[in-house]
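Colleague: heads up, no residue letters with this:
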C-alpha cells in the first residue's frame, strides 16, 4: 500500500464520527474533540495537497474539504445543542456540512484511485 493511502487510513478512526464514541469525558468534550479532530484532519489534508500535483493534489484537497465540511456541520450542531440548548432546525447549515462530507471524500478517493502509482 502506498504511503499516502496508509496515512489516510491511519487517521480515519481518529476523525470519523464513530471514532468519537470511544473518547472519555463529557459530551461537550467529545464534541470539541470531534470538531478539532476533523478540522485538524482537514488542514493536514489541505497541506498535503500542496505537496503533490495532479490527481494526488486534487484527492487530498477533496478529502480535506470533506473533513472541514463535517467539522463545520458539527460546530453548528454543537452551538445549537450545547450552547443554546435548543433543537437544531431542519434543514440547517449543520446538515449542509454533514451532507457535503460524503461526496467530497468520495471524490477524493476516486482521485486517489486514478492517480498513477509513484515510486
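Modeller: Looks like it arrived, so ask away. Small disclaimer: the values here were computed from a predicted structure and weren't measured. Numbering: from 1, shown residues only.
Colleague: Mean pLDDT per helix and strand in this structure: which one sits at the bottom?
Modeller: helix 3-15 (a mean of 47; mean pLDDT, DSSP states H and E).
Colleague: wait, isn't residue 57 in contact with residue 49?
Modeller: Yes - between residue 57 and residue 49 there is a contact under C-beta atoms under 8 Å: 4.8 Å. Bear in mind the C-beta positions are built from the backbone N, C-alpha and C, glycine included.
Colleague: Of these two, which one has the most company?
Modeller: residue 49 (20 against 16; other C-beta atoms under 10 Å).
Colleague: buried stuff in the helix or strand that contains residue 63?
Modeller: Following DSSP states H and E, one finds residue 63 within helix 54-78. Going by neighbour count (16 or more other C-beta atoms under 10 Å), the buried part of helix 54-78 is 56-78.
Colleague: name the helices or strands packed onto it?
Modeller: helix 3-15, helix 27-50, helix 93-114 (3 or more C-beta pairs under 8 Å, 6 or more residues apart in numbering; DSSP states H and E).
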